[in-house]
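*Asks:* I would like the atomic coordinates for the input below:
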Amino acid sequence: MQNRHDASIQLPLAFIDALSQADGVEPVLTVGAQWLPQLLPGVRGSITFIDGERLIARVARTDDRVDPRFDLSTIHDDGPRGQVLRSGEHLVLAEAGLAGSGIDLLRRLHRGGIRRMLIAPMLGGRQTVGTLSVAGPETGPYSDAQIDILIGIGKFVASRAGLMLQARNTARQAETDALTGLANRTRLMRVLDGPGELSEPGCDGRVIGVLHIDLDRFKEVNDTLGHAAGDAVLRHAAKVMCQTAAAKDLVARVGGDEFVLVTRTDPAGRQIGGLARRIAEALAEPLRIGDVEVGVGASIGTAIADRQGLGAERLIGNADIALYEVKRNGRGGVRAFCDAMRAATERRVRMLADLRHAVETRAFEPWFQPRVSLSTGAFTGVEVLARWPHPELGLVDPKEFIALSAEAGLTRQIDEVVRARGLAALRRLRADGWPMPRLSFNASAGTLLQPDLVGDLMWEVLGQGLDPQDLVVEIRESDLIAIGADAAQRSVSALAEAGFGVELDDFGAGYAAMINLARLPISAIKVDCSLTAQLPLARAEKVLRAIIALARDLELGVTAEGVETATQFSLLRNMNCAEAQGFGVAEPMPFDGLVAFMRGYGGKPATPGRRHKRFLDNKP
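*Replies:* Sure thing, here's the model as predicted:
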């Protein structure tokens, strides 16, 4: 028998209004089920709706009786609802069909007084998206009008549920990362900003915890193997996190290679720490992409909602601070947030703002540290160093602001200010009669990568009435590594060809010192202070003698940094080291201090000064 799907029916306005006000798939189905026994003869109405792989069921009775044993979570393929779903046709079950059914639920309904049931398809367009049923104690057949009403109700409910489903899916897509299928930042914040205190423990005493996960070396994979490989790494990382986390945890992708995982943990943070380590270990496993095996790894910061009033942004920020500590110390680890980290971060943020202002106002001052000949004691030059006189804190520790400037990308600008003022000071010294041979400055990686570096230096030198040989460019080996072999070769060669001295700074502290000596046209090396500090140990003396002999064979100058004691001074002189620099000679000082020091030195640079005359006179 064919259903008359196109029959015209009239539904109460109150039902239509109630259904229209229902917001969400489940509320729509609930309203529909509640109205079924009122619109058709019966005491029991039910609706089942298929939402993808999920079955949503709602049951209502006019007598408000509820039987928790009724199971509507599954649809039996050979049962009445399964038949209706397959055929798209309505089905009537009379008393005999209910009593003799092979489905326990239907037999229970019969024992409870139900004598007939009408099941109709819920039609959404041309598809059957669920079923509706009405059941009661009445006997006899259902009329065509009653069948049409139930089918009409099904169409209306399906239409409204479909709209709600579409709205929900649209909202879900807006909260889903398209590449990984994870939640995005919008959904993450909605979940964390939900009702209730984040710090309120659950029934098991556990509190909300957050992991901020940053993939290490992702950029290298993306740059060398391409975006397809990078996408594969991101999908793999998402899968690893979901498999490692608990089913109720939320994993979100919040940036290019950044993820946030929300979980529950014990207040002491042991569980979240263990989860972070498991994720880090899993992500450290090599991943094969095509014929290439890549290793990425992760840095993870954790934080827990352990206090009242802690909002979502603050909680994620705490985890981010802990993540920064991991990356600052070399990446590839796990750190838990503590209050001391936030205090340090807040100071860093304030200092970064002050540093940017100092760059804009050119507030950096040149300080000078003399270099002297170990054989004669004569001045051989000065190194100009940047100092930051903070208006409230006084002189800022150079290690602190140099690290901040590198993080903010401001090192090059500071180099320019200090170098220009240093050259002006060198011109002034010579104008005042001081035969200061040269000025050296330490060039950062950013400075070395300037395309017009040689032209800029030439302009600055000639503008002060000086020559290129009056300026020495000191380059740390770490910066050579940072800019790459090709860029280093181009930059150093261009500087040397223009007549500037180029010295390899921090020599002996590691990296690729020997290869740099072999391929770069440098004029001198500066032995790192960590090696000088080992004197008078016999092994350190042998190493230094070998370095000095190698430099002599390569016709390179040698300056020992960090010279602080008479013993070091004497040993280096006996090794035929050319120059010394360090606190044993003079500490860095402002221009006026340098002039005063030179006067106290004896007025003539070739005359040993009181501060280290004892070094020169201490001959073996």
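*Asks:* got the residue ranges for the strands in the stretch 451-600 of the chain?
*Replies:* 471-476, 501-507, 524-527, 557-561, 579-581 (DSSP state E, counting those that start in this stretch).
*Asks:* which residues are in contact with the shortest one?
*Replies:* Spelled out, it's strand 579-581. Outside strand 579-581, the residues that touch it by Cβ atoms under 8 Å, 6 or more residues apart in numbering are 369-374, 380, 383, 526, 557-563, 569, 572. For the C-beta atoms, the positions are set from N, CA and C on the backbone; glycine is no exception.
*Asks:* Please name the strands paired to it in the sheet, noting orientation.
*Replies:* strand 365-373 (antiparallel), strand 557-561 (parallel) (DSSP bridges).
*Asks:* Any chance of a markdown table for these, columns mean pLDDT, distance to residue 311 and mean neighbour count?
*Replies:* What follows is those, written out as a markdown table (pLDDT from 0 to 100; distance: least, Cβ to Cβ, whole Å; neighbours: other Cβ atoms under 10 Å):
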| stretch | mean pLDDT | distance to residue 311 | mean neighbour count |
| --- | --- | --- | --- |
| strand 365-373 | 93 | 42 | 23 |
| strand 557-561 | 93 | 49 | 25 |
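*Asks:* Pipe those into a markdown table and attach distance to residue 331 per row.
*Replies:* Listed next are those as a markdown table, based on distance: least, Cβ to Cβ, whole Å:
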| stretch | distance to residue 331 |
| --- | --- |
| strand 365-373 | 34 |
| strand 557-561 | 29 |
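*Asks:* Need the strands of the stretch 451-600 of the chain in JSON lines (columns: distance to residue 185).
*Replies:* Formatted as JSON lines, the strands of the stretch 451-600 of the chain follow (distance: least, Cβ to Cβ, whole Å):
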{"stretch": "strand 471-476", "distance to residue 185": "39"}
{"stretch": "strand 501-507", "distance to residue 185": "42"}
{"stretch": "strand 524-527", "distance to residue 185": "48"}
{"stretch": "strand 557-561", "distance to residue 185": "48"}
{"stretch": "strand 579-581", "distance to residue 185": "51"}
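*Asks:* List just the one of those that sits closest to residue 59.
*Replies:* strand 471-476 (75.4 Å; Cβ to Cβ).
*Asks:* what's the closest one packed up against?
*Replies:* The contact analysis (3 or more Cβ pairs under 8 Å, 6 or more residues apart in numbering; DSSP states H and E) places strand 471-476 against strand 439-443, helix 453-463, strand 501-507.
*Asks:* cutoff 10 Å now
*Replies:* If you count contacts as 3 or more Cβ pairs under 10 Å, 6 or more residues apart in numbering; DSSP states H and E, strand 471-476 packs onto strand 379-387, helix 411-431, strand 439-443, helix 445-448, helix 453-463, helix 485-497, strand 501-507, strand 524-527.
*Asks:* Quick check: which of these is buried the most?
*Replies:* Highest mean neighbour count of the helices and strands packed on strand 471-476: strand 524-527, a mean of 26 (counted as mean count of other Cβ atoms under 10 Å).
*Asks:* Against residue 551, how distant is residue 174?
*Replies:* Distance of residue 174 to residue 551, given as Cβ to Cβ, to the nearest Å: 65 Å.
*Asks:* Pick out whichever of those two has more residues nearby.
*Replies:* Under the criterion of other Cβ atoms under 10 Å, the comparison of residue 174 against residue 551 puts residue 551 first, with 21 against 10.
*Asks:* Now do the residue nearest to that one when sequence neighbours are not counted against residue 521, distance only.
*Replies:* Leaving aside its sequence neighbours, residue 551 sits nearest to residue 558 (Cβ to Cβ, 6 or more residues apart in numbering; 4.7 Å). As judged by Cβ to Cβ, residue 558 and residue 521 stand 17 Å apart.
*Asks:* cool, residue 298 as well?
*Replies:* Residue 298 sits 42 Å away from residue 521, going by Cβ to Cβ.
*Asks:* who has more neighbours, the two?
*Replies:* It is residue 298, of residue 298 and residue 521, that has more neighbours when counted by other Cβ under 10 Å, with 29 against 12.
*Asks:* From what I see, that one and residue 282 are in contact.
*Replies:* Yes. Between residue 298 and residue 282 there is a contact at 9.0 Å, judged by Cβ atoms under 10 Å.
*Asks:* Export only the CA atoms of stretch 556-574, formatted as CSV.
*Replies:* Extracted C-alpha coordinates of stretch 556-574, given in CSV (Å, rounded to 0.1, in the frame of the first residue of the first chain):
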residue,chain,number,x,y,z
LEU,A,556,96.6,35.9,11.3
GLY,A,557,96.7,38.2,14.3
VAL,A,558,95.7,36.7,17.7
THR,A,559,93.9,38.5,20.6
ALA,A,560,93.3,36.7,23.8
GLU,A,561,90.0,37.7,25.4
GLY,A,562,89.1,37.6,29.1
VAL,A,563,92.7,38.3,30.4
GLU,A,564,92.3,39.0,34.1
THR,A,565,95.4,37.9,36.0
ALA,A,566,99.1,38.5,35.8
THR,A,567,99.8,34.8,35.3
GLN,A,568,97.5,34.7,32.3
PHE,A,569,99.2,37.9,30.9
SER,A,570,102.7,36.4,31.4
LEU,A,571,101.9,33.0,29.9
LEU,A,572,100.2,34.5,26.8
ARG,A,573,103.1,36.8,26.3
ASN,A,574,105.5,33.9,26.4
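*Asks:* give me every residue that touches residue 23.
*Replies:* If a contact means Cβ atoms under 10 Å, 6 or more residues apart in numbering, then residue 23 has 164, 167 as its contacts.
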